[in-house]
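Student: fold the following, please.
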Amino acid sequence: MKKNRIMKEKNIIDFLEEKNNKKKRKGGKPRLIKNPKKLTVYIPEEVDRDLRELIALIHGSYQHGLLSYEITNAIRFYIWELKNEKKMPSSNILNPKTNIYEVAKQIGWEIEKMFGGEKPQQITLKHLRMAIINVRGCSTPTIKRWLRILEEMKFIKHLRGQVFENLLP
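Tutor: Modelled structure (predicted):
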């Protein structure tokens, strides 16, 4: 008798767990964005198609809510870039003076842009190379030279393998 009661309790617990796991969200606010506001925009079909393909590529498949999430991040990044545009040093000068601190700041801004406006604590060699290419040029000696200079001036610190600590201004 006691055994039957225990079995019934286990069955009830299993039933409730299954019921909670099977609950589907019906409508309402998207899960990925807190306090969403509706914004209706018209974009070209090819932009819409490319965006949805990119989302499917990044996340494995296209799911409900991901379009809003990715567009929100893109708008945030665009706003951040516009706000900080005045603070960025000009890189349109043909032959700039090689002021190491200014170049380090420019590389730091490039890395922040890669990470959506946030300064990462650790960066890979790939990200460092891309930032140096965007600021100083793509030749291999230039990249190696600036990696060496940044490490000597303690703007980056080699941790392990291809991972560096980001100490850029």
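
Student: contacts, neighbours, all on C-alpha from now
Tutor: Fine.

Student: do you know how far the spatially most central residue of the chain is from Leu39?
Tutor: Central residue of the chain (CA atoms, centre = their mean): Phe115, 4.6 Å from the mean position. Computed as CA to CA, to the nearest Å, the Phe115 to Leu39 distance reads 25 Å.

Student: cool, and Val135?
Tutor: For Val135 relative to Leu39 (CA to CA), the value is 36 Å.

Student: also Tyr69?
Tutor: 13 Å.

Student: quick one: which of those two has more around it?
Tutor: Tyr69 (15 against 6; other CA atoms under 10 Å).

Student: where's the more buried one, which helix or strand?
Tutor: helix 66-84 (DSSP states H and E).

Student: that helix packs against which elements?
Tutor: Under the contact criterion of 3 or more CA pairs under 8 Å, 6 or more residues apart in numbering; DSSP states H and E, helix 66-84 touches helix 45-59.

Student: buried sites along the helix it packs on?
Tutor: Neighbour-count burial for helix 45-59, with 16 or more other CA atoms under 10 Å as criterion, is recorded at 52, 55.

Student: how big is the angle separating that helix from helix 66-84?
Tutor: Here the directions of helix 45-59 and helix 66-84 differ by 100 degrees (axes from the mean of the first three to the mean of the last three CA atoms, to 10 degrees).

Student: quick thing: my sequence starts at 9, can you match it?
Tutor: With 9 as the first residue, the last one maps to helix 53-67.

Student: coming back round to it: ramachandran coordinates for the residue nearest to the centre of the chain?
Tutor: phi -100, psi 20 (degrees, to the nearest 10).

Student: state the distance from it to Val55.
Tutor: Counting by CA to CA - Phe123 and Val55 are separated by 23 Å.

Student: next: Leu175.
Tutor: From Leu175 to Val55 the distance is 37 Å (CA to CA).

Student: swap in Leu75?
Tutor: For Leu75 relative to Val55 (CA to CA), the value is 12 Å.

Student: and the residue nearest to the centre of the chain, what pLDDT?
Tutor: For Phe123, the pLDDT comes out at 84.

Student: which ones are touching it?
Tutor: Going by CA atoms under 8 Å, 6 or more residues apart in numbering, Phe123 touches no other residue.
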